[in-house]
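**Q** Fold the following.
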Amino acid sequence: MVFSSLVFLSVFLPAVLLLYWLLPSIAAKNLLLLAASLFFYAYGEPIYVFLMVASSLFHSVCALWIYKNRRWRKIILAAVVAVNLGLLCVFKYAVPASALPVGISFFTFQAMSYVIDVYRAQVQPQRNFAYVLLYISLFPQLIAGPIVRYHDVEQELARRSFDAEETARGIRRFIAGLGKKVLIANYMGEIADTLFAAPMEQVNLAGAWLGAAAYMLQIYFDFSGYSDMAIGLGHMFGFHFRENFRYPYGAASIREFWHRWHISLSRWFLEYLYIPLGGNRKGRARTCLNKCLVFACTGIWHGANITFLFWGMYHGCLLMLEEWIPYFSKEKRGWKKAAGHIYVVLAVMIGFVFFRADNMGQGICWVIKMFVPVQCSDTAMRLVLSLLTPVHLAAFAAGVLASMPVMETIGKAEKLQKVFWPSSLVLLFLCMLNLAGGTYNPFIYFRF
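**A** The predicted structure follows:
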């Protein structure tokens, strides 16, 4: 990570927030946020911070050129897209993962969307480069999203208001996201990493299901936790980022799943790839082809491994099947809706097995182990039992419960409003205790 979690929580964030509240004007607050964001990135990426600044300047200038030179606008836009895709290919597929700039996919997609929106005349080009740089480098969502489009924060860059209530809401949301990451995702990651690192002969049917389910919970609570933290930080500083996850495991179809999962990325590909390809305007066959292309790109966006491409194509094929099967075009109720939930959970779980696998061979063997019981050694069962500790079981149960939409209903109950702050403080204390203990704390989206 750019900062260690404890340094960020105990030093960086309190200092920036306190200074932010003390500064009198938006201009001064923006200057502080810009300096803090660049320092935040440079702390762990001292060289690549210049790449981010250069990228911001390049996109700022190109947006102005597109606006002023109507004759050359298509050529300029094509050059912008080519440069961005070229850089992403070089860094993500030709450079070792250890040298990958943190969050390069996120800030590159944000910068591209700004230029494309100017080209489409959806926003006016920003003449103040500091605003463009702040939009791209804003530390709350810099390294793990959500992908913020320029028009979502255009007005708030220059004029925004916030108060103690807004800040308190942001703090609670931030702590909730931190709890998701530290108390659920990290423990699920311990289970998943242990099992996926084991030789296949030491993974039995129970281990295959446990590893797949644990990783399914890990990736959801890891990324949605970071998104909650970013949204909460946005509230603290007067910005309003859109929701990035809406209980995706409660979906009844893969189409609905993608309306709830990583919404900012789905929306980006919808606006800037799917619709330009023709969307669903050119017949069902072309619609299916467009969806497959979009999901192939979605897989490639995550990395160069063939498993990511397969994962994207797998979801594209499921969407194509849903496009042709009448069952999925009808509203489902009762047992049909329950069956849809089971279908989504199983389909998504299988997809995430390949997403997590080191190679296609491991992914195929893992799925076979899930559905074909075979004789395994006692070592395989001992491995499973060693992971079923009280802490892991509690984290697993909390993950299953927190992934259900029922939690949203509980959160809106007026009688529970009074316990929000005490429970948030307890949650923060538990997170700090875990982080101080140096427990397992991976950052899945580092490589994306």
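**Q** list the contacts for S161?
**A** S161 makes contact with G238, according to CB atoms under 8 Å, 6 or more residues apart in numbering. C-betas here are computed from N, CA, C, even on glycine.
**Q** what about it, is that helix, strand or coil?
**A** What DSSP: H, G, I helix; E, B strand; the rest coil gives for S161 is coil.
**Q** just for this structure, where's the confidence low?
**A** 1-4, 96-99, 326-333, 375, 406-418, 438-448 (pLDDT under 70).
**Q** packing partners for the longest helix along it?
**A** Using DSSP state H to define each element, the chain has its longest helix at helix 205-236. Here helix 205-236 touches helix 164-179, helix 186-197, helix 334-356, helix 360-371, helix 378-387, helix 390-402, going by 3 or more CB pairs under 8 Å, 6 or more residues apart in numbering; DSSP states H and E.
**Q** any chance of those helices in TSV, plus distance to A78 and mean neighbour count?
**A** As requested, the helices and strands packed on helix 205-236 are arranged in TSV below (distance: least, CB to CB, whole Å; neighbours: other CB atoms under 10 Å):
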stretch	distance to A78	mean neighbour count
helix 164-179	38	19
helix 186-197	41	21
helix 334-356	32	17
helix 360-371	35	17
helix 378-387	51	15
helix 390-402	45	15
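**Q** got a markdown table for those, with distance to L31 too?
**A** Formatted as a markdown table, the helices and strands packed on helix 205-236 follow (distance: least, CB to CB, whole Å):
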| stretch | distance to L31 |
| --- | --- |
| helix 164-179 | 20 |
| helix 186-197 | 35 |
| helix 334-356 | 41 |
| helix 360-371 | 48 |
| helix 378-387 | 49 |
| helix 390-402 | 38 |
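**Q** Let me know which of these is the nearest to N84.
**A** Closest to N84 of the helices and strands packed on helix 205-236, according to CB to CB: helix 334-356, at 24.2 Å.
**Q** and the closest one with helix 360-371, angle?
**A** Here helix 334-356 points in a direction 150 degrees away from that of helix 360-371 (axes from the mean of the first three to the mean of the last three CA atoms, to 10 degrees).
**Q** doesn't G225 make contact with A185?
**A** Yes. Counting by CB atoms under 8 Å, A185 touches G225, with 6.0 Å between them.
**Q** who's more crowded, those two?
**A** A direct count of neighbours by other CB atoms under 10 Å for A185 and G225 places A185 higher, at 29 against 23.
**Q** buried sites along stretch 11-19?
**A** Residues of stretch 11-19 classed as buried: F12, L13, V16, L17 (neighbour count, 16 or more other CB atoms under 10 Å).
**Q** how far away is the third one from E45?
**A** In other words, V16. The gap separating V16 from E45 is 18 Å, by CB to CB, to the nearest Å.
**Q** repeat for the first one
**A** With distances taken as CB to CB, F12 is found 15 Å from E45.
**Q** and of the helices and strands packed on helix 205-236, who's closest to I231?
**A** Counting by CB to CB, I231 lies closest to helix 164-179 out of the helices and strands packed on helix 205-236; the figure is 5.7 Å.
**Q** Can I get the closest one in CSV? Just the C-alpha atoms.
**A** Output of helix 164-179 as CSV, limited to C-alpha atoms (Å, rounded to 0.1, in the frame of the first residue of the first chain):
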residue,chain,number,x,y,z
ALA,A,164,-20.2,18.3,11.2
GLU,A,165,-23.1,16.1,10.3
GLU,A,166,-21.6,15.4,6.9
THR,A,167,-18.2,14.7,8.4
ALA,A,168,-19.7,12.4,11.0
ARG,A,169,-21.6,10.5,8.2
GLY,A,170,-18.3,10.1,6.3
ILE,A,171,-16.4,8.9,9.4
ARG,A,172,-19.0,6.2,10.1
ARG,A,173,-19.0,5.1,6.4
PHE,A,174,-15.2,5.0,6.5
ILE,A,175,-15.1,2.9,9.6
ALA,A,176,-17.7,0.5,8.1
GLY,A,177,-15.4,0.0,5.1
LEU,A,178,-12.4,-0.4,7.2
GLY,A,179,-14.2,-3.1,9.2
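**Q** what is the orientation angle of it with helix 390-402?
**A** If you take the same axes, to 10 degrees, helix 164-179 sits at 130 degrees to helix 390-402.
**Q** what packs against helix 164-179?
**A** Secondary-structure packing of helix 164-179 (3+ CB pairs under 8 Å, 6+ apart): helix 205-236, helix 420-436.
**Q** go again using 10 Å as the cut-off
**A** Under the contact criterion of 3 or more CB pairs under 10 Å, 6 or more residues apart in numbering; DSSP states H and E, helix 164-179 touches helix 13-22, helix 205-236, helix 390-402, helix 420-436.
**Q** The first one: how far from the chain's middle?
**A** Yep, that's helix 13-22 we're talking about. Averaging C-alpha positions (CA atoms, centre = their mean, to the nearest Å) puts helix 13-22 26 Å from its chain's average.
**Q** heads up, I number from 49, so please use that
**A** All set: I'll call the first residue 49, so the last point we hit is now helix 61-70.
**Q** Touching it from outside, list them.
**A** With CB atoms under 10 Å, 6 or more residues apart in numbering as the test, helix 61-70 has contacts from 51, 55-56, 76-78, 80-81, 83-85, 87-88, 187-188, 210, 212, 215, 218-219, 222, 281, 284-286.
**Q** Buried ones among the residues you listed?
**A** With burial judged by 16+ other CB under 10 Å, the buried subset of the contacts of helix 61-70 is 51, 56, 77-78, 80-81, 84-85, 88, 187-188, 210, 215, 218-219, 222, 281, 284-286.
**Q** does the closest residue to I195 other than its chain neighbours sit in a helix, a strand or a coil?
**A** Of all residues not flanking I195 in the chain, S312 sits nearest, at 4.0 Å (CB to CB, 6 or more residues apart in numbering). What three-state DSSP gives for S312 is helix.
**Q** so who does S312 touch?
**A** Contacts of S312 (CB under 10 Å, 6+ apart): 154, 157-158, 189, 193-197, 200, 275, 289-293.
**Q** ok, back up a step: kindly reformat the helices and strands packed on helix 212-227 as a markdown table containing distance to W414.
**A** As requested, the helices and strands packed on helix 212-227 are exported to a markdown table (distance: least, CB to CB, whole Å):
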| stretch | distance to W414 |
| --- | --- |
| helix 61-70 | 39 |
| helix 253-284 | 6 |
| helix 438-450 | 19 |
| helix 468-484 | 29 |
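**Q** The nearest residue in space to G227 that is not next to it in sequence: neighbouring residues, count only.
**A** Nearest residue to G227, sequence neighbours excluded (CB to CB, 6+ apart): L475, at 4.6 Å. L475 has 18 neighbours, counted by other CB under 10 Å.
**Q** Please report the distance of L475 from L54.
**A** Applying CB to CB, the value for L475 to L54 is 16 Å.
**Q** Equivalent analysis for F356, please.
**A** Going from F356 to L54 by CB to CB gives 32 Å.
**Q** Who has more neighbours out of those two?
**A** Shown here are F356 and L54; by other CB under 10 Å, F356 has more neighbours (19 against 12).
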